[in-house]
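Peer 1: from the sequence below, what's the structure:
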Amino acid sequence: MDRGEQIMKFITEQHAEGRTVYAQTYLKTIKLAPKHAHMVRVKNGHCEVQFGKRWDSINYCRISAR
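Peer 2: A predicted model of the protein is given here:
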């Protein structure tokens, strides 16, 4: 299992428990609430988040849940 699939598994597990997941870079924090689960996908081994019409990789972000 590659990094993108591991991140997606973590996100789906946390959403199943009702937690919000945060992906943090040096410049911004991306809040992924359970209602936004449709905006996350795995493609070519990368976990991606949708921003408008584009998809950004979160493979190298710090991932945490609250």
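
Peer 1: what's the burial count for residue 42?
Peer 2: Look at residue 42: counted by other CB atoms under 10 Å, it has 18 neighbours. Backbone N, C-alpha and C define where each C-beta goes, glycine included.

Peer 1: and residue 52, by the same measure?
Peer 2: When neighbours are counted by other CB under 10 Å, residue 52 comes out with 5.

Peer 1: would you confirm that residue 18 contacts residue 37?
Peer 2: No - using CB atoms under 8 Å, residue 18 is not in contact with residue 37, being 11.6 Å away.

Peer 1: looking at the two, which is more packed in?
Peer 2: Per other CB under 10 Å, whichever of residue 18 and residue 37 has more neighbours is residue 37, with 13 against 8.

Peer 1: now do the contacts for the more buried one.
Peer 2: Neighbouring residues of residue 37 by CB atoms under 8 Å, 6 or more residues apart in numbering: 11, 12, 15.

Peer 1: tell me which of the residues you listed is nearest to residue 27?
Peer 2: Closest approach between those and residue 27, by CB to CB: residue 11, at 20.8 Å.

Peer 1: tell me the SS of the closest one?
Peer 2: helix (DSSP: H, G, I helix; E, B strand; the rest coil).

Peer 1: neighbours of it, how many?
Peer 2: For residue 11, using other CB under 10 Å, the count is 23.

Peer 1: model confidence for it, exactly?
Peer 2: If you check residue 11, the pLDDT there is 96.

Peer 1: and it, how far is that from residue 50?
Peer 2: As defined by CB to CB, to the nearest Å, residue 11 lies at a distance of 13 Å from residue 50.

Peer 1: overlap in contacts, the two.
Peer 2: With CB under 8 Å, 6+ apart, residue 11 and residue 50 have common neighbours residue 40.

Peer 1: circling back to that earlier point, mutual contacts of residue 18 and residue 37, please.
Peer 2: Residues touching both residue 18 and residue 37 (CB under 8 Å, 6+ apart): there are none.

Peer 1: mind listing the strands for the chain?
Peer 2: Using DSSP state E, the strands found in the chain span residues 21-24, 29-32, 40-43, 46-51, 54-57, 62-65.
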